[in-house]
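Chemist: sequence and computational prediction follow.
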Amino acid sequence: MADLSLTTVSVATGTADVAAAATAANAGGDTAPVGPGRFLYVNNGSGGSITVTIATPGTVSGLAVADTAVAVAAGKHAIIPLANAFRGANGRAAITYSGVTSLTVRPFELGT
């Protein structure tokens, strides 16, 4: 899995070209920092729907919490919250994709 780095979007100006900063999704998956105000931008430029799955490593009362799966339609974008619930042992979210052809991603955070 490749470690994705954050792009900061200034709250004061609201300017950051997250789409331009997006990179090709890794076929073996990616990891991204998690926490309040952090999100994953997804751009599906392919001809079919792609599912983005974020692992939820925690449990509640000993029961596994289901992973989050988001279907991104062909030609569409998605913004997925990277909540603390996705924090793995390495402090990052583990992200996989059902396909990576023409799929670009970038984690971003709201700054000050």
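Modeler: Happy to help now that I have it.
Chemist: quick one: mean pLDDT for stretch 13-26?
Modeler: The average pLDDT for stretch 13-26 rounds to 85.
Chemist: let me redo that: stretch 55-65
Modeler: 91.
Chemist: end to end, how far does it reach?
Modeler: The straight-line separation of the ends of stretch 55-65 (C-alpha to C-alpha, to the nearest Å) is 9 Å.
Chemist: can you pull the contacts of the most centrally placed residue in the chain?
Modeler: Geometric centre of the chain, nearest residue: L40, 3.3 Å, by C-alpha atoms, centre = their mean. By C-beta atoms under 8 Å, 6 or more residues apart in numbering, the residues touching L40 are A32, V52, I54, A78, I79, I80, L82, A93, I95, V105, R106, P107. (Each C-beta comes from the backbone N, C-alpha and C, glycine too.)
Chemist: list only buried entries from the residues you listed.
Modeler: Using 16 or more other C-beta atoms under 10 Å as the burial test, these include A32, V52, I54, A78, I80, L82, A93, I95, V105, R106, P107 as buried.
Chemist: before we move on, the earlier item: what is the nearest of the contacts of L40 to A19?
Modeler: R106 (7.8 Å; C-beta to C-beta).
Chemist: pull the number of nearby residues for A16.
Modeler: Using other C-beta atoms under 10 Å, A16 has 17 neighbouring residues.
Chemist: quick one, what contacts it?
Modeler: Here A16 is in contact with T7, T8, V9, S10, F108 (C-beta under 8 Å, 6+ apart).
Chemist: if we use 6 Å, what do you get?
Modeler: Going by C-beta atoms under 6 Å, 6 or more residues apart in numbering, A16 touches T7, V9.
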